[in-house]
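A.B. asks: What follows is a protein structure lacking sequence information:
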């Protein structure tokens, strides 16, 4: 992305040069994506395939003169569209949020003066002045750097601030942590590294969720069955002597009977309820379908820094030539202590004195507790000094200090004539001719370094120059820094895992979910942390992003392991490849992340999970789920809720589809007999059942709490609608309801003197129709309890676990009384109060339906046991 800068001088560009450069490159702004207009999103909710079916049904009802039916169907479509639009209208502003990452103004040199300008006014060749705490507004090449360290974690995932010397490049959107520098702008606007990530974010389209795919397939099947059945029965009825109007009525009735009008509102409300439950567990759902998709998750790719770990450095152990020491306490708080023998403590104190002289960062107390001020590693060493009970007189200020440079991989400080050096062990140990405890311990230091690195520690060496420094100057200190040294100590720091991560990882494993750590840190550090929390097992794989295979299939095969995987030193494009490869391999992928570098991969994954506290705005806007407490432990809780929501969708789908059979049979009998058998229930009665009496129990089934077996093993079935659900609803429960309702209808007719082929009196048909309607409604009340479990009979279920079903059935009883007992409602629907015979069949439904369901569940259990032998 970086371009060659225009030649620059310390005086900066002139006003004319700025104008010429801006005319060539444009303003320094990140291009924004065009957002989908709200009206188009609402229109999509009104015109998808399922809604289209209902629009056609409403039009046919209107043509047939059934205005009430047409109005009812239109209201269903509108209410569902408005509700879904209100829930889902979360604009995709990920790329736009990149603008918020840019500072409002910055200091530059122009026309020989230091001025403050808007970041949007920066041009290539501008000379920018940086100080600690500044957010960098364009890609720069540093021309003069004084102890500058830059927090690049939002771009690279690397947890530690990076030292940037003169000649180094720094990127827009990163932070200057400490020091100061001057740099020349090399790229602005769309040409910056930040804009490149914005382009990846914009190009990564969200994949359709498993639920949307399956519901779309279900709608297509239902539509095909409804239209085909309606047309066939209409044609047959015409051949059997029905008028065209009656045939059209039949066709509309069949379509309405077969289409579960309450399905989409129930699904949407169930997902919304799941989202509310997740919010109580600190997981904010930004896309409703992600609730169910979480339950389908088979692979979680998690970031390390800030997700698995706390994103705070702590000194945890160390070694001196006199022996090892252990440090208790976490984070930057001074509480804790160092366990060490007296001679070890003496050397550790000398090392802490030198480290604090070399460091500029400190720990400080704020409203949010103890935090790092400046470099987090320096703050961790400051906390270590507190835990060591370092005397205040030992906290001396260096008379001369040389900052850390990537070339020397160390920093140095002069204190009372002694030169202390702190830095990377690989840079200091070769210059250590001896140790503070005498010769012969340097080799032992190398062994300790290897062991601490293998445990995932970031190891810092502290040494002292042999002999005094005679002159207090940078030149003299630099010579001492590069001369012979005596080693004081090795200090091991780490970014510790969150306390609840290990248990969360174990729960994911028990649920059959595979895991991979995707980090910008080193392979050694990543592997150590992953092993500590149980994410990486003996058969797991550790690989760096640069070493990933070139093919997606090979990438998936490499990472798809029961014992986990660690991918280190990843780039944003690596994360995209990993998400895409695993999805292509058949996994439902959840990807966690908090940085700008994670945004594109979050959108590519089936479920993008961002951190709410430490995450960037870009990551949060790209994600489907935001963890408000940044706790990895929230993820398996959300998965459990997602699996529970999936099971609940299956429950109320079974419930909805069951009475479709009972609603369809009357139209079939009416058609095939050429209306010799009166129509048992009308189209408005079907709608009253689907929307009036069925909706609340279906919603109550959507509130069924997840049981303890939800997170044991993989999800039992990947499909919302499968053969077992269809068999149970369409071949067992549905026919049972149909037989009971038609039995009541015929029993009332025959008790009133009707015989096949007779023209029954209108009043008798109304009573018989009301009886059939009542049987279906009562059977559905019982079905609400039956559908609470796919395996256990109703008498083995505790009704107190889901009181909403009891409440919904109570409301359904009231509605049934209103539909049959209030004269104007009964007249509009076409039925009347049932006879005693009709109520006897209602009582029979209360007994028969649970028995039939229990027998079917017993057969299924027996078949599964036989297959497992």
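C.D. replies: On my side now, so go ahead. Predicted, not measured: the structure shown is a model, and the values here were computed from it. Numbers count the residues shown, from 1 in each chain.
A.B. asks: switch to C-alpha atoms for all contacts and neighbour counts from now on
C.D. replies: Will do.
A.B. asks: Can you spell out which helices and strands pack onto the helix or strand in which residue 40 is found?
C.D. replies: Secondary structure assignment for residue 40, by DSSP states H and E: helix 38-47. Helices and strands touching helix 38-47, by 3 or more CA pairs under 8 Å, 6 or more residues apart in numbering; DSSP states H and E, are helix 67-88.
A.B. asks: Give me the contacts around the helix it packs on.
C.D. replies: Surrounding helix 67-88, the residues in contact under the criterion CA atoms under 8 Å, 6 or more residues apart in numbering are 41-42, 45-46, 51, 54-55, 57-62, 261-262, 264-265, 268, 272, 286-288, 683-684.
A.B. asks: Show me which of these are buried.
C.D. replies: Applying 16 or more other CA atoms under 10 Å to those, the neighbour count classes 42, 45-46, 51, 54-55, 57-61, 261-262, 264-265, 268, 272, 286-288, 683-684 as buried.
A.B. asks: Tell me which entries of these lie within helices.
C.D. replies: In this view, the buried ones among the contacts of helix 67-88 that belong to helices under DSSP state H are 42, 45-46, 51, 54-55, 57-61, 264-265, 268, 272, 683-684.
A.B. asks: The nearest residue in space to residue 726 that is not next to it in sequence - how many residues pack around it?
C.D. replies: Excluding its sequence neighbours, the residue lying closest to residue 726 (CA to CA, 6 or more residues apart in numbering) is residue 654, at 7.6 Å. Using other CA atoms under 10 Å, residue 654 is surrounded by 27 other residues.
A.B. asks: My read is that residue 654 contacts residue 732, right?
C.D. replies: No - at 10.8 Å, residue 654 and residue 732 do not qualify as touching, with contact defined as CA atoms under 8 Å.
A.B. asks: Could I get the contacting residues of residue 534?
C.D. replies: Under the criterion of CA under 8 Å, 6+ apart, the contact list for residue 534 reads 502, 505, 506.
A.B. asks: Mind putting the residues you listed into CSV with neighbour count, secondary structure and distance to residue 459?
C.D. replies: Shown next, in CSV, are the contacts of residue 534 (neighbours: other CA atoms under 10 Å; DSSP: H, G, I helix; E, B strand; the rest coil; distance: CA to CA, whole Å):
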residue, neighbour count, secondary structure, distance to residue 459
502, 20, helix, 24
505, 23, helix, 27
506, 16, helix, 29
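A.B. asks: that older thread, report the mean confidence score over the helix holding residue 40.
C.D. replies: Throughout helix 38-47, pLDDT has a mean value of 78.
A.B. asks: That helix versus helix 67-88: what angle between them?
C.D. replies: The directions of helix 38-47 and helix 67-88 differ by 130 degrees, with axes from the mean of the first three to the mean of the last three CA atoms, to 10 degrees as the criterion.
A.B. asks: How far off centre is helix 38-47?
C.D. replies: Centre-to-centre, helix 38-47 and its host chain are 25 Å apart (CA atoms, centre = their mean, to the nearest Å).
A.B. asks: Next: stretch 271-291.
C.D. replies: The chain centroid and the centroid of stretch 271-291 are separated by 10 Å under CA atoms, centre = their mean.
A.B. asks: ok, residues contacting it?
C.D. replies: Contacts with stretch 271-291, where a contact means CA under 8 Å, 6+ apart, come from 87-88, 90, 209, 211-212, 268, 292, 606-607, 623-629, 634, 637-638, 641-642, 645, 702-703.
A.B. asks: mind listing which of the residues you listed are in helices?
C.D. replies: Using DSSP H, the subset of these located in helices is 87, 88, 211, 212, 268, 292, 634, 637, 638, 641, 642, 645.
A.B. asks: So the last one sits against residue 270, correct?
C.D. replies: Yes - contact criterion CA under 8 Å: residue 645 and residue 270 qualify, at 7.0 Å.
A.B. asks: In terms of neighbours, single out the busier of those two.
C.D. replies: For the pair residue 645 and residue 270, the greater number of neighbours falls to residue 645 (30 against 26), based on other CA under 10 Å.
A.B. asks: Tell me the spacing between that one and residue 85.
C.D. replies: Distance of residue 645 to residue 85, given as CA to CA, to the nearest Å: 20 Å.
A.B. asks: hmm, back to that, from the ones in helices among the contacts of stretch 271-291, which is closest to residue 859?
C.D. replies: residue 645 (26.2 Å; CA to CA).
A.B. asks: so where's the stretch 251-400 of the chain uncertain?
C.D. replies: Screening the stretch 251-400 of the chain residue by residue with the criterion pLDDT under 70, one finds the ranges 253, 256-257, 260-265.
A.B. asks: Kindly report the same for the stretch 751-869 of the chain.
C.D. replies: Along the stretch 751-869 of the chain, segments meeting pLDDT under 70 span 868-869.
A.B. asks: residue ranges for the helices of it, please.
C.D. replies: Remark: helices assigned in the stretch 751-869 of the chain by DSSP state H, counting those that start in this stretch are 762-786, 803-821, 823-829, 836-868.
A.B. asks: again with the stretch 351-500 of the chain
C.D. replies: 376-387, 425-428, 442-454, 474-481.
A.B. asks: Just want the most central residue of this structure.
C.D. replies: Averaging the C-alpha coordinates of the chain gives a centre point, and the residue nearest to it by CA atoms, centre = their mean is residue 609 (2.8 Å).
A.B. asks: which residue ranges form the strands in the stretch 151-300 of the chain?
C.D. replies: Read by DSSP state E, counting those that start in this stretch, the stretch 151-300 of the chain holds these strands, from start to end of the chain: 162-163, 169-170, 175-187, 283-285, 299-302.
A.B. asks: Let's have those in TSV, adding distance to residue 81.
C.D. replies: Converted to TSV, the strands of the stretch 151-300 of the chain look like this (distance: least, CA to CA, whole Å):
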stretch	distance to residue 81
strand 162-163	50
strand 169-170	48
strand 175-187	44
strand 283-285	19
strand 299-302	32
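A.B. asks: Which of the ones you listed has the lowest mean pLDDT?
C.D. replies: Ranked by mean pLDDT, the strands of the stretch 151-300 of the chain bottom out at strand 162-163, which scores a mean of 77.
A.B. asks: so what strands line up beside it?
C.D. replies: Partner strands and pairing direction for strand 162-163 (DSSP bridges) are strand 139-151 (antiparallel).
A.B. asks: Now do the buried residues in the strand it pairs with.
C.D. replies: Residues 139-151 are the ones in strand 139-151 that count as buried (16+ other CA under 10 Å).
A.B. asks: distance of residue 605 from residue 587?
C.D. replies: For residue 605, the distance to residue 587 under the criterion CA to CA works out to 10 Å.
A.B. asks: and what of residue 26?
C.D. replies: Taken as CA to CA, the span from residue 26 to residue 587 is 43 Å.
A.B. asks: again with residue 77
C.D. replies: When CA to CA is applied, the distance between residue 77 and residue 587 equals 34 Å.
A.B. asks: Among those two, which residue is more densely surrounded?
C.D. replies: Just comparing residue 77 and residue 587: by other CA under 10 Å the higher neighbour count belongs to residue 77, 24 against 21.
A.B. asks: show me where the stretch 401-550 of the chain has strands.
C.D. replies: Under the criterion DSSP E, counting those that start in this stretch, the stretch 401-550 of the chain contains strands at 410-415, 418-423, 432-435, 458-465, 485-494, 514-518, 541-544.
A.B. asks: All the strands of the stretch 551-700 of the chain, residue numbers only.
C.D. replies: Counting by DSSP E, counting those that start in this stretch, the stretch 551-700 of the chain has these strands, from start to end: 565-568, 589-593, 607-611, 625-627.
A.B. asks: Need the winner for burial among the helices of the stretch 351-500 of the chain.
C.D. replies: Mean neighbour counts were taken over those using mean count of other CA atoms under 10 Å, and the top value, a mean of 26, falls to helix 376-387.
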